[in-house]
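*Asks:* need a structure here:
(2 chains, ligands or ions: 3)
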Amino acid sequence: MKILLKGIEFDDNVSVAGYQSRGGYESFRKALSMSPDSVVDEVKKSGLRGRGGAGFPTGIKWSFFIPRKTEKPIYLIINADESEPGTFKDRLIMERNPHLLLEGILCGAWALQAQKTFIYIRGEYAYPYTVMKQAIKECYEKGLLGQNILGSGFSHDVIIHRGAGAYICGEETALMNSLEGKKGQPRLKPPFPAGYGLYGMPTNINNVETICNIPFIVQNGGDAYFKIGVEKSSGTKLISASGHIKKPGIYEVEMGYPLLDFINNECGGMLEGRKIKCIIPGGSSTPVMTGEELVGVNLDYESMRLAGSSLGCAGFMVLDDTADMVEVLLNLTKFYAHESCGQCTPCREGGHWIEKIVQRIADGQGRPEDIALIQSVCGQIAGHTICAFGDTMVMPYQSILKKFASEFEAKISLNPNSLVAKSKRLAVLQENQL
Amino acid sequence: MSINLSSEALVRVEELKNYYPSKKSAVMPLLQLVQEELGKISEEGILWVAEQVEMSPVHVRELVTFYSMYTTKERGQYHFQVCRTLSCAVMGEGSKKICQAIEKRCDVKEKAVSANGLWSFEQVECLGSCGTGPMCEINDTYFENLTTEKITEIINLIEQEKPDLKFSTKKDALGSGLKNYSPSAVYTKE
Ligand SMILES: Cc1cc2nc3c(=O)[nH]c(=O)nc-3n(C[C@H](O)[C@H](O)[C@H](O)COP(=O)(O)O)c2cc1C
Ligand code: SF4
Ligand code: FES
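*Replies:* Ligands and ions are numbered 1, 2, ... in the order given. Modelled structure (predicted):
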């Protein structure tokens, strides 16, 4: 079942002619024949959920723009910042299927009656940017963008903006601040973007992959899309697979596909003679799952949540028995300490503090109370920050420490003087109820 | 405040200022343009950009320190950005070995510039190329599925060909790159 990767094997897919020769832009022509409200309806019926990581139902998000009583211009933002470690699916779409994204944008813009779309693409994606820029240029030339598109009276412009290196700009409100010429620091919510978004205008933000599902939904109807996948997670999902597997890469699977089948079939199984140790499934900001915990789990939002992790944006990292979990955690703590935007104390200070503690454990200077200390710091970050960066940062930390505690204890015991002052330090810890 | 930009760049500046609903949004591409033209973002560059978008210099300086792609220090003609995040760290020979190979072949330490001014190198966070790790970005071009041998060979080719690996904000285009090296390996016809 290919919805998102349909046609990427054809090199001419990046041209309007090539894309149209395989039915491209038919969905948009059909959307123009429908009322905007009925397009929103189909998206609601489809059960499509946001692919940017949070899984928010797209139809509901779009329904914030009905009833249509605002005179202000409505903006659509495409989040192409894609900086979640393990994730590289939006990049493939922009490089090999740029017109599917543009057709999705046009259908979405019609449904939302949006005036302008802003594609925010991470600065490092220079090549995908050039492919998208060329595709946009061609759409203007062929009358698919600009004034009075295809004689329909509907006008729409697409602006593409390069980021300059900041993971946090993937967060929707930070993205808007960055687009407005400010530091990419998240805003407090409310106000929500639908009411007060980019330049203070009503704004809808969707991930690249989310929008690329819209043409199929318009063409075949929401019910047809809903039948694909499983009840609470309809459609297909792009999985970015990396790590200790034979065939890393991007695969489009139907929601509900068994996870172990995915590893053994699409990913080609573990590297020769190696055993699976754990996966970090949703991009690094999701709880780790040990090999044993994968049995019976399916690739969809519900099943992953019930298994104690989350599908996220499906940046699927697989680690085998050679992985040193102390080094794995240290690697991640450096990422989050570097990428915190620094706006709120728990995340700004907590991230660096945890990195320092894990660093000393890795260097054989760990203390017996370090594991409890990190867990306590994690508890003081989650739920106490302006944006979800804080909450999601601690998810891999807490789960790795809990499920692989023995590896950390082994490293800590290497510290010769770790036992000498243990009682004293533990007392201090209890005193401050840490 | 004046910095000397090429006439071609000045044309692009006006385009960028009219590209967004608000001129302030052009501050990021203008900073990229100054970095491209001057090799780094100098104090004068910050003041000039602030003037162009009618922002106070302190707010422009904030951006220069916030975003990791801007630099206030000179870089080598070829600037290696090796991804150090998890997948690249654990796949193949691992990003550490790639860093060591670069340091050895180019005789350059991290965050420094080599004596001949050709090379500089830093480790960066995930570049969205995890399936083809370990990998690195040179200027604005990705080099993926690296081994210590392959990165050394790439460096030799770069030294000979002196290819254009940069993205030019002025031209709004990516350089032609290294001969018979595609700019991306995220899709392979298997
Ligand atoms: C720290 C952080 C980073 C995020 N990074 C991304 C990202 O790189 N790409 C993305 O599409 N969404 C990202 N999101 C989610 C966005 O905030 C937003 O929910 C999403 O793009 C909305 O689109 P969707 O409904 O189609 O998923 C991030 C959220 C947080 C808290
Ligand atoms: S949680 Fe972290 S990234 Fe989010 S606003 Fe606070 S400091 Fe910034
Ligand atoms: S981990 Fe290196 S590109 Fe993502």
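
*Asks:* In the host helix or strand of A:Lys133, which residues are buried?
*Replies:* Per DSSP states H and E, A:Lys133 falls inside helix A:126-141. Under the neighbour-count criterion of 16 or more other C-beta atoms under 10 Å in any protein chain shown, helix A:126-141 has A:126-133, A:135-136, A:138-139 buried. No exception for glycine: its C-beta is placed from N, CA and C like everyone else's.

*Asks:* Identify all contacting residues around the helix or strand that that helix is followed by.
*Replies:* Per DSSP H and E, the first helix or strand lying C-terminal to helix A:126-141 is strand A:157-162. For strand A:157-162, the external contacting residues (C-beta atoms under 8 Å, 6 or more residues apart in numbering or on different chains) are A:102, A:105, A:115-123, A:125-126, A:129, A:132-133, A:136, A:139, A:145-146, A:179, B:19-20, B:25, B:28-29, B:32.

*Asks:* Now the most centrally placed residue in chain B: closest residue in space, sequence neighbours ignored.
*Replies:* For chain B, the residue nearest the mean C-alpha position is B:Asn139 (3.7 Å; C-alpha atoms, centre = their mean). Spatial nearest neighbour of B:Asn139, chain neighbours left out: B:Leu165 (4.0 Å); criterion: C-beta to C-beta, 6 or more residues apart in numbering or on different chains.

*Asks:* hang on, that neighbour packs against B:Gly175?
*Replies:* Yes - between B:Leu165 and B:Gly175 a contact is recorded at 5.4 Å, counting by C-beta atoms under 8 Å.

*Asks:* shared neighbours of these two, which are they?
*Replies:* Residues touching both B:Leu165 and B:Gly175 comprise B:139-141, with contact defined as C-beta under 8 Å, 6+ apart.

*Asks:* Would you map the helices across chain B?
*Replies:* B:7-17, B:27-38, B:43-53, B:57-66, B:86-90, B:95-106, B:148-161 (DSSP state H).

*Asks:* Would you mind listing the buried residues in the third one?
*Replies:* The neighbour-count criterion (16+ other C-beta under 10 Å) identifies B:45-50, B:52-53 as the buried residues of helix B:43-53.

*Asks:* Make a markdown table from those residues and add pLDDT to it.
*Replies:* Formatted as a markdown table, the buried residues of helix B:43-53 follow (pLDDT from 0 to 100):
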| residue | pLDDT |
| --- | --- |
| B:Gly45 | 97 |
| B:Ile46 | 98 |
| B:Leu47 | 97 |
| B:Trp48 | 97 |
| B:Val49 | 97 |
| B:Ala50 | 98 |
| B:Gln52 | 97 |
| B:Val53 | 97 |
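
*Asks:* can you list the residues of the stretch 301-434 of chain A near ligand 1?
*Replies:* Contact residues (C-beta under 6 Å from any ligand atom) of the stretch 301-434 of chain A with ligand 1: A:387-389.

*Asks:* got any ranges where chain B has weak pLDDT?
*Replies:* Scanning chain B for pLDDT under 70 picks out the ranges B:1, B:190.

*Asks:* tell me which parts of chain B are close to ligand 3?
*Replies:* Within chain B, the positions adjacent to ligand 3 are B:83, B:85-88, B:126-130, B:133, B:135 by C-beta under 6 Å from any ligand atom.

*Asks:* and what of chain A?
*Replies:* Contact residues, chain A versus ligand 3 (C-beta under 6 Å from any ligand atom): A:Pro85.

*Asks:* returning to what we had before: closest to B:Asn4 out of the buried residues of helix B:43-53?
*Replies:* B:Asn4 has its nearest neighbour among those in B:Trp48, at 10.2 Å by C-beta to C-beta.

*Asks:* I'd like to know how far that closest one sits from A:Gly163.
*Replies:* 22 Å (C-beta to C-beta, to the nearest Å).

*Asks:* A:Leu145 too?
*Replies:* Using C-beta to C-beta, one gets 22 Å for the distance from A:Leu145 to A:Gly163.

*Asks:* the more surrounded of those two?
*Replies:* Neighbour count, other C-beta atoms under 10 Å in any protein chain shown: between A:Leu145 and A:Gly163, A:Gly163 has more, with 25 against 21.

*Asks:* Output the longest helix belonging to chain A.
*Replies:* helix A:345-362.

*Asks:* Buried residues in it, which are they?
*Replies:* Buried residues in helix A:345-362 (16+ other C-beta under 10 Å): A:346-348, A:350-355, A:357-358, A:360-362.

*Asks:* Out of these, flag the one nearest to ligand 1.
*Replies:* Among the buried residues of helix A:345-362, A:Cys347 lies closest to ligand 1 (C-beta to the nearest ligand atom), at 10.0 Å.
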